[in-house]
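*Asks:* Here's a sequence, model it:
(one chain, ligands or ions: 1)
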Amino acid sequence: MCGITGYAGGGNAAEQVFEGLKRLEYRGYDSAGMAIIKPSGEVSVVKKQGKVDVLKPYVADMRGAIGMGHTRWATHGKPSDINAHPHFAGGIYVVHNGIIENYAELRQQLQSAGETFISETDSEVIAHLIKLNYGGNLLVALRTTVKMLKGSYALMVIREGEPQIAVAKRRSSLILGYGDGENFCASDRPALAGKCKRVSILEDGDFALITAQKIEIFDENLNPVNRPKIENTLTSEKLDLHGCPHYMLKELREVPQTVKNTYSSFAGIGEKLKEVFKGTKRVIFLGCGTAYHAGLIGKKYFEAFARVPAEAENAGEFRYKNPVITKGTVVFAVTQSGETADTIEAVILAKSLGAKVIAVTNVIHSAISRHADIVVPVSAGAEICVAATKSYAGQIAALYLCALTFAGKDASSKEYKQLDALCPVLENTLKEINVYTLAHMCACSNGVYFLGRGFDYAVALEGSLKLKEVSYIAGEGYPAGELKHGTLALIDGNTVSVVLITDEELASKSVSAVEQVLSRGGKVAVITCLPAVAKALKNKAEVISLPGCNKFLSPLVTAIAVQELAYRTAVILGRDPDKPRNLAKSVTVE
Ligand code: AGP
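*Replies:* Okay, here's the model as predicted:
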């Protein structure tokens with residue numbers, strides 16, 4: 001949520017910062033701004049409401065070798081030019097990702113001390129505090145300031161006349177990049193892709209000073225400290241759209257590769273995972289949004305393969321319910337970004353109550369990893385589209401393998417091999433799938449309901465979320481059996497019900513739900529891998545036929561169908577599926 005990036009070097013800082021912001025735009029896109037130190041030492045600033053491209057006309061005129069920028073997802077104060085970052089006071093310029101929880105009282109104190117505020121943001125207090133705390137050393141002023149802040153921050157600060165960027169981090173991610181005669185800092189790795197060979201990930205409480213020549217890192221007492229330099233494997237080529245009109249489509253097409261890579265990377269952790277599982281009596285899956293939906297599937301895997309009590313819970317709810325953690329509880333933290341505040345806080349609580357923690361994440365060195373006993377990699381690669389696609393598949397594959405390991409099965413088992421063998425099936429599904437008619441039906445509807453039983457219900461929830469997220473069509477996902485307990489009242493000729501049917505044992509029950517909707521005049525589409533169901537319903541409903549596979553792996557196949565449907569519907573309606581309104585990719589606030 002909010003992307004920040006900084007550059008110090010021989011190149012044109014404005015171009016570098018602009019490019020970095022473009023690559024971080026998935027983190028927020030309601031306004032953007034940059035501050036560049038001119039050769040004279042003065043600072044030029046531009047900040048505007050809108051997506052990062054609003055800065056483009058200013059880039060050529062902003063000369064300077066050091067600068068920083070911000071792309072915003074508003075938390076305090078509506079999107080506007082004034083509320084966009086950088087914020088400044090007395091020659092101090094600040095970009096901030098995070099939330100300052102005590103900003104109201106700080107603002108009042110600062111106003112009483114004569115400071116004038118121009119924005120409605122929480123972040124502006126930081127610039128005023130640094131200004132007042134400055135006594136000749138920017139880093140010392142920054143440290144004095146952050147000690148006064150409650151909340152989360154990744155901060156970059158520049159001061160007129162000083163050729164450096166000072167940064168501080170607490171509970172919001174910040175990465176440093178070591179270039180050749182130039183150095184970088186950013187909230188996330190895509191900004192640094194192809195720019196530098198090595199990166200360091202700052203820890204909570206760290207500070208750093210960045211110039212063209214060097215990066216110095218300090219701990220919370222400003223003592224020099226070393227943080228590991230790790231290889232920057234992300235290249236700019238990996239961020240290309242490769243001819244796709246949107247990242248959502250490109251990333252959807254990368255589902256088979258993600259499953260393959262997640263399968264391969266799991267080989268390295270199986271033994272350690274067994275150690276963590278020792279003494280486990282209960283398993284809880286925590287996550288938000290799509291990650292929570294993957295957790296629902298993980299729960300079913302553990303129950304089915306290992307007959308161990310399993311629960312899946314929304315991380316934001318878990319934290320505030322005074323959870324019961326009994327001896328032998330293992331918590332799975334499922335999170336693509338590894339940065340989601342609700343999930344991190346829930347995990348910290350579970351850990352403090354004695355649970356072991358397994359992080360299932362696409363970003364190995366992310367914040368969640370520091371709280372985990374073991375990290376299970378989701379090898380999806382960078383996911384730029386705000387809507388999760390391939391990472392959901394990677395999470396499902398990782399949880400499937402974890403459950404098999406818990407149940408004592410290894411790579412020689414038929415279940416393992418079935419996952420490996422699924423990749424060509426996923427490739428074919430992507431090649432053959434045709435949801436155009438259904439997407440048009442959805443685009444013209446007043447509401448779309450997703451129904452299913454068992455694994456199909458879990459995917460129904462995800463299908464509904466994805467469609468709402470990228471097309472803005474209202475609807476919900478619910479168990480097919482629940483239809484007659486209330487939701488049926490919503491069905492009329494302007495609604496579409498998408499019914500997922502993949503489990504032979506439950507098929508007849510789900511077909512009953514189809515009949516119930518049809519007899520109330522509702523439009524129905526059926527997504528099925530069962531030829532008999534397709535045949536029986538082909539004259540009554542829009543049927544999307546998928547290749548057959550066992551029910552445990554069916555979520556990977558049906559997920560492609562519902563994600564493709566969401567994508568096509570968004571495109572028909574002229575939405576930008578990569579940057580849905582009001583949203584951002586990494587939700588680092590509670
Ligand atoms: C998915 O399409 C959403 N953008 C959202 O629900 C997301 O899955 C959720 O915010 C959790 O993110 P995480 O996986 O990075 O923790």
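*Asks:* Using the three-state scheme, assign the closest residue to the ligand within the stretch 451-590 of the chain.
*Replies:* Taking Cβ to the nearest ligand atom, the ligand has its nearest neighbour within the stretch 451-590 of the chain at V587, 4.7 Å off. From N, CA and C alone the C-beta is placed, and that goes for glycine too. What DSSP: H, G, I helix; E, B strand; the rest coil gives for V587 is coil.
*Asks:* isn't it right up against C288?
*Replies:* Yes - using Cβ atoms under 8 Å, V587 is in contact with C288, at 6.9 Å.
*Asks:* List the residues that are in contact with both of these two.
*Replies:* With contacts defined as Cβ atoms under 8 Å, 6 or more residues apart in numbering, the residues shared by V587 and C288 are 340, 342.
*Asks:* Counting neighbours, what do you get for V378?
*Replies:* If you count neighbours by other Cβ atoms under 10 Å, V378 ends up with 34.
*Asks:* contacting residues for the residue nearest to it when sequence neighbours are not counted?
*Replies:* Leaving aside its sequence neighbours, V378 sits nearest to G394 (Cβ to Cβ, 6 or more residues apart in numbering; 3.6 Å). Listed by Cβ under 8 Å, 6+ apart, the contact set of G394 reads 258-259, 261-262, 362, 378-380.
*Asks:* Quick check: the farthest pair among those residues?
*Replies:* Longest distance between any two of these is 13.1 Å, between V259 and N362; criterion Cβ to Cβ.
*Asks:* OK, now which residue of this protein is nearest to the ligand?
*Replies:* Nearest residue of the chain to the ligand: G289, at 1.7 Å (Cβ to the nearest ligand atom).
*Asks:* pLDDT score for that residue?
*Replies:* You'll see G289 listed with a pLDDT of 97.
*Asks:* Test my guess that it contacts L465.
*Replies:* Yes - using Cβ under 8 Å, G289 is in contact with L465, at 6.4 Å.
*Asks:* Name the SS class of I158, please.
*Replies:* Assigned state for I158: strand (three-state reduction, three-state DSSP).
*Asks:* Next, the nearest residue to it once chain neighbours are set aside: phi, psi?
*Replies:* Nearest non-adjacent residue to I158, counting by Cβ to Cβ, 6+ apart: Y93, 5.0 Å away. The phi/psi pair for Y93 (degrees, to the nearest 10) reads phi -120, psi 140.
*Asks:* Ok, the one 4 residues further on next?
*Replies:* The phi and psi values for N97, taken as degrees, to the nearest 10, are phi -120, psi 120.
*Asks:* Tell me who's in contact with it.
*Replies:* Residues near N97 by Cβ under 8 Å, 6+ apart: 1-4, 27, 70, 153-154, 172, 187, 588.
*Asks:* re the thing from before, next, count neighbours for the residue nearest to I158.
*Replies:* 26.
*Asks:* and it, what does it touch?
*Replies:* Y93 is in contact with 35, 43, 45, 68, 86-87, 127, 157-159, counting by Cβ under 8 Å, 6+ apart.
*Asks:* Point out the residues in this structure that sit beside the ligand.
*Replies:* 288-291, 335-337, 340, 343, 386-388, 469, 586-587 (Cβ under 6 Å from any ligand atom).
*Asks:* So which of those belong to helices?
*Replies:* The helices, defined by DSSP state H, take in 289-291, 343, 469 from the residues of the chain next to the ligand.
*Asks:* farthest pair in the residues you listed?
*Replies:* Every pair of those checked by Cβ to Cβ; the farthest is T343 and E469, at 18.0 Å.
*Asks:* So if I had to pick from these two, which one is more boxed in?
*Replies:* Taking other Cβ under 10 Å, T343 and E469 do not tie; T343 has more neighbours (31 against 21).
*Asks:* Name the nearest residue to the more buried one, ignoring sequence neighbours.
*Replies:* Nearest residue to T343, sequence neighbours excluded (Cβ to Cβ, 6+ apart): A315, at 4.2 Å.
*Asks:* helix, strand or coil for Y153?
*Replies:* strand.
*Asks:* Give the residue spans of the stretch 251-400 of the chain that score low on pLDDT.
*Replies:* Within the stretch 251-400 of the chain, not a single segment meets pLDDT under 70.
*Asks:* Show me where it has its helices.
*Replies:* For the stretch 251-400 of the chain, the helices defined by DSSP state H, counting those that start in this stretch occupy 255-266, 270-277, 289-306, 315-318, 341-352, 390-406.
*Asks:* Can you tell me which of those helices is packed in deepest?
*Replies:* helix 390-406 (a mean of 28; mean count of other Cβ atoms under 10 Å).
*Asks:* Quick one: name whatever helix or strand follows that helix.
*Replies:* Downstream of helix 390-406, the next assigned helix or strand under DSSP states H and E is helix 414-432.
*Asks:* Nice, that's everything, thank you.
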